[in-house]
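Build me a structure from this.
(chains A, B, C and D)
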There are 2 protein chains.
Amino acid sequence: MSRRTDKRAKLIRAAEDLNYQQGFRPTTLADIAQDAGVPLGNVYYYFKTKEDIGKAVISKRDEEINAFFVKLEEIIDPAVRIRAYIESNISDPEAIARYGCPIGGLCQELGKEGGILADQAAKLLHDIIKWTGKQFVALGISQEAAEEYALSLVSRIQGMNLLTLTFKDPSIATRQTQTIINWLESVVGNKVPAAQLAKEELAEAAY
Amino acid sequence: MSRRTDKRAKLIRAAEDLNYQQGFRPTTLADIAQDAGVPLGNVYYYFKTKEDIGKAVISKRDEEINAFFVKLEEIIDPAVRIRAYIESNISDPEAIARYGCPIGGLCQELGKEGGILADQAAKLLHDIIKWTGKQFVALGISQEAAEEYALSLVSRIQGMNLLTLTFKDPSIATRQTQTIINWLESVVGNKVPAAQLAKEELAEAAY
DNA sequence: GTCTATATACAGATAGAC
DNA sequence: GTCTATCTGTATATAGAC
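Next comes the predicted model:
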């Protein structure tokens, strides 16, 4: 792996963390450069603008999400897949209490601005809803109902993440997650056990 | 009403709109001054800092919300009150598609920063959840269950608002609102009609 | 490819005449 | 109370030596 990709990757990683913790706008290129251990002026060798770093960050996250969904296909029961996704959201409840949802935060902040970055952020949620809808369809639910369920599910996760951040209370996330799982079971009509895949394995694959 | 309160009110109103449309940080004092028709330097006669304007904006909204809840007490059936609140959220679905939820946006943006403004924004959602919980209790639901329902309800509204913004699709808000009302009916055990109060009256009172 | 120095723009905030 | 001019800090972005 060349030096080029190495430094570039470090910058993306630093930007990823800072954008999540502080938001996209409040994060400065100086912040990113410092965290990545790269002099400020050198950043522009790898990225023409700040927006370009944002694009790279979101693209990377998009790939990770879709890779995670591929990983979840190893689970046979689509309902269990959905549950695994729901639980992956709270792999770190304390982080949600501090910084909220990495995806929801982006969509909220960038959604008002419009532009390419907003569209890219929207694609993240779009992919999640689409995948979730597919799982409901695989359970024998009609296309129309599946889409509504998927929208409801992602909506509830996002709302729960926002409340967890707002009240800085991780237990909101853990309790609401259980409520959402109960809802899932009522939708599919029977109990939905946790995935058999090792938790560590899922956490590692989680985006 | 003195000139002082007049200009001060204009500044708050301008800040309110701009903070909602652009977010708190991206909105500049120059923006606010211009929209209010006040020279930039004069802003500091009314507010010592930008944060002070933010505090005034959130305080005003908090008062409006609580005044709205008082207004809703005119409705006899608590379940109908809750429905009226749910529907008040989408009095302007197009605005949600453009700018999201005025309260959720603040909590998301300020929640990461911490500080007094974040606490004040959190109080908005806190008041809403508290009021909603009281209505469920008035329906004969246990305190514990009522609190969970209130959290679920506000969570779903917030998530729905975020998705509406993200995909810039007002129909997400209208459709999900119906889903939430269906959920409300399943919780209370029977149909919940829309409020008898004139829609205009409610819309006017809405925060 | 790397890094220092700096240009440029614009934000919040202040000074002081009126 | 009001408004113009300006200070000060800091952000993105560039120039150019190495």
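
My read is that A:Ala84 contacts A:Pro193, right?
No - judged on C-beta atoms under 8 Å, A:Ala84 makes no contact with A:Pro193 at a distance of 10.3 Å. Bear in mind the C-beta positions are built from the backbone N, C-alpha and C, glycine included.

Show me which of these two is the more surrounded one.
A:Ala84 (24 against 9; other C-beta atoms under 10 Å in any protein chain shown).

Relative to A:Asn19, how far out is the more buried one?
Distance, A:Ala84 to A:Asn19, using C-beta to C-beta, to the nearest Å: 26 Å.

repeat for A:Val38
Counting by C-beta to C-beta, the gap from A:Val38 to A:Asn19 is 16 Å.

Compare these two (neighbour count), which wins?
A:Asn19 (25 against 18).

Wait, that one touches A:Lys60, no?
No - checked against C-beta under 8 Å, the pair A:Asn19 and A:Lys60 is beyond contact range at 11.3 Å.

In the lowest-mean-pLDDT helix or strand in chain A, which residues are buried?
The weakest-scoring helix or strand in chain A, judged by mean pLDDT, DSSP states H and E, is helix A:199-205 (a mean of 70). Neighbour-count burial for helix A:199-205 flags A:202, A:205 (criterion: 16 or more other C-beta atoms under 10 Å in any protein chain shown).

Return the distance of it from the chain's centre.
Distance, stretch centre to chain centre, for helix A:199-205: 14 Å (C-alpha atoms, centre = their mean, to the nearest Å).

May I have the phi/psi pair for the residue of chain A positioned farthest from its centre?
Going by C-alpha atoms, centre = their mean, the residue of chain A most distant from its centre is A:Gly41, 30.7 Å out. Main-chain dihedrals, A:Gly41, degrees, to the nearest 10: phi -60, psi -30.

And the least confident helix or strand of chain A, what does it pack against?
Judged by 3 or more C-beta pairs under 8 Å, 6 or more residues apart in numbering or on different chains; DSSP states H and E, helix A:199-205 is in contact with helix A:50-72, helix A:78-88.

Deepest in the core, which of the ones you listed is it.
Ranked by mean neighbour count, these are led by helix A:78-88 with a mean of 22 (mean count of other C-beta atoms under 10 Å in any protein chain shown).

Now that helix: average pLDDT?
The average pLDDT for helix A:78-88 rounds to 98.

Get me the contact residues on chain A for chain B.
By the rule C-beta under 8 Å from any C-beta of the partner chain, the part of chain A lying against chain B is A:21-23, A:25-26, A:98-100, A:104-105, A:107-109, A:111-113, A:121-122, A:125-126, A:148, A:151-152, A:154-160, A:162-163, A:165-168, A:172, A:175-176, A:179.

any idea how far the residue in chain A positioned nearest to DNA strand C is from A:Asn182?
When distances are taken as C-beta to the nearest atom of the strand, chain A reaches nearest to DNA strand C at A:Gly41, 2.0 Å away. Per C-beta to C-beta, A:Gly41 is found 54 Å from A:Asn182.

So what's the gap between stretch A:62-71 and the chain middle?
With C-alpha atoms, centre = their mean, you get 10 Å for stretch A:62-71.

scratch that, stretch A:167-175
How far stretch A:167-175 lies from its chain's middle: 18 Å, per C-alpha atoms, centre = their mean.

what does that stretch contact?
For stretch A:167-175, contacts defined as C-beta atoms under 8 Å, 6 or more residues apart in numbering or on different chains pick out A:89-90, A:93-94, A:96-98, A:160-161, A:163-164, B:111, B:122, B:125-126, B:148, B:151.
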